[in-house]
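In: Quick one: sequence plus predicted model below, questions after.
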Amino acid sequence: MAFRGKKTMFVSLLCLFIMALSSPSKAELQRFEHAAKKDGSLSFLVVGDWGRRGYYNQSEVALQMGIVGEKLDIDFIISTGDNFYDNGLTGTDDPAFEYSFSKIYTAPSLQKQWYSVVGNHDYRGDVAAQLSPILQKLDNRWLCLRSFIVDTEIAEFFFVDTTPFVEKYFTDPEDHVYDWKGILPRKNYLSNLLKDVDSALKDSIAKWKIVVGHHTIRSAGSHGDTHEIAKYLLPILKENNVDLYINGHDHCLEHISSPDSPIQFLTSGGGSKAWRGDVNWWNPKEMKFFYDGQGFMSMEITQTQVDIAFYDVFGRVLHKWATSKQLYSTM
């Protein structure tokens, strides 16, 4: 891990946390560097919608993640949000952090950095707790911010806070209480976030551009498309030649191709409770894969190729897909 020591990392996160509280309407994209392997390759796992104290096969998925993680010699893990059910964390001292995270993902291969976004269920609790550097002291694998960038040189990962885009959480919260501290005024927050994401993508010279958010853009699952994300964020992704959009939210595993751009939509929301049989029709020319059970995803990246694989709760490979790019000449 290419951070400058745990103490420096903690101080940086503490400063960022204080800044976020003092400037609630401004979205800041903090940048982190994470070195690829010596041969220039990168491998990682993606899991979402998981935090249930080991229940609903969360522990079984974690076991298989550990096995696959060791086989692939992973560099880190990405969480696509809804990290703690049903209502996020109550504070930094909430035992759910230990019993849904630290005591579940115990395999040696999973003792790497976790890069996490917050989902809608996390917003029902104390969001500041998940963002707090105090959790870094409890488990130094944990890194969760609203929006941020991870630069691995061959690939840049743009983590985007998608929950505030969704109108119904504000107008029809279904008796849920959401923690909007740090978001309001909402219009300013979203405007700043979209500008920051667009600017960061335009500045990127990475071979691969990958965007991570909690909510779906394209999905045949229960929630389906998130129309606000498709309206406001997707055009920016298309304009800036993003390769992959990775999300959770729908409790399934799926891969959908775009009919009008190279973007691939990858859902990894099977970290615990899944929704069997809850699937909507989708054009089979675009639907590459759908699985209504628990599991996770892996990705291997080089300068010229990306390989993805989806696994079920028994570690069986359900779907593989690869894409390639030519290596640019330096002459």
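Out: Received the coordinates, thanks.

In: In contact with Pro108, which residues are there?
Out: 66, 70 (Cβ atoms under 8 Å, 6 or more residues apart in numbering). Quick note: C-beta positions are derived from backbone N, CA and C, even for glycine.

In: What of the one 3 residues further on?
Out: Neighbouring residues of Gln111 by Cβ under 8 Å, 6+ apart: Arg141.

In: looking only at pLDDT, what's the mean for stretch 276-289?
Out: Model confidence over stretch 276-289 averages 95 on the pLDDT scale.

In: Contacts for stretch 55-71 next, please.
Out: Here stretch 55-71 makes contact (Cβ under 8 Å, 6+ apart) with 45, 47, 50-52, 54, 74, 77, 100, 104-110, 112, 270-274, 294-296, 298, 311, 313-315.

In: Need the buried ones from those selected in ChimeraX.
Out: Here is the ChimeraX command that picks out the buried ones among the contacts of stretch 55-71, judged by 16 or more other Cβ atoms under 10 Å:
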select :45,47,50,51,52,54,74,77,100,104,105,107,109,110,112,270,271,272,273,274,294,295,296,298,311,313,315
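
In: for stretch 293-303, the distance to its chain's centre please.
Out: Mean-position distance between stretch 293-303 and its chain equals 12 Å (Cα atoms, centre = their mean, to the nearest Å).

In: Below-threshold pLDDT in the protein: ranges please.
Out: By pLDDT under 70, the low-scoring segments of the chain are 1-28, 328-331.

In: What residues does the residue positioned nearest the centre of the chain make contact with?
Out: Centroid check for the chain by Cα atoms, centre = their mean gives Thr80 as the closest residue, at 2.9 Å. Thr80 makes contact with 46-49, 117, 119, 212-214, 246-249, 268-269, according to Cβ under 8 Å, 6+ apart.

In: coming back round to it: could you tell me which of the contacts of stretch 55-71 are located in strands?
Out: Those of those mapping onto strands are 45, 47, 77, 295-296, 298, 311, per DSSP state E.

In: which pair in the contacts of Thr80 spans the largest distance?
Out: By the measure Cβ to Cβ, Val47 and Gly213 form the most distant pair in those, at 14.7 Å.

In: circling back to that earlier point, what's the closest of the contacts of Thr80 to Lys168?
Out: Among those, His249 lies closest to Lys168 (Cβ to Cβ), at 13.2 Å.

In: ok, and that closest one, which helix or strand is that part of?
Out: Taking DSSP states H and E as the definition, His249 sits outside all helices and strands.

In: Pretty sure it sits against Ile229.
Out: No - the pair His249 / Ile229 is not scored as a contact, 9.8 Å apart, by Cβ atoms under 8 Å.

In: The two: who's more crowded?
Out: Neighbour count, other Cβ atoms under 10 Å: between His249 and Ile229, His249 has more, with 29 against 23.
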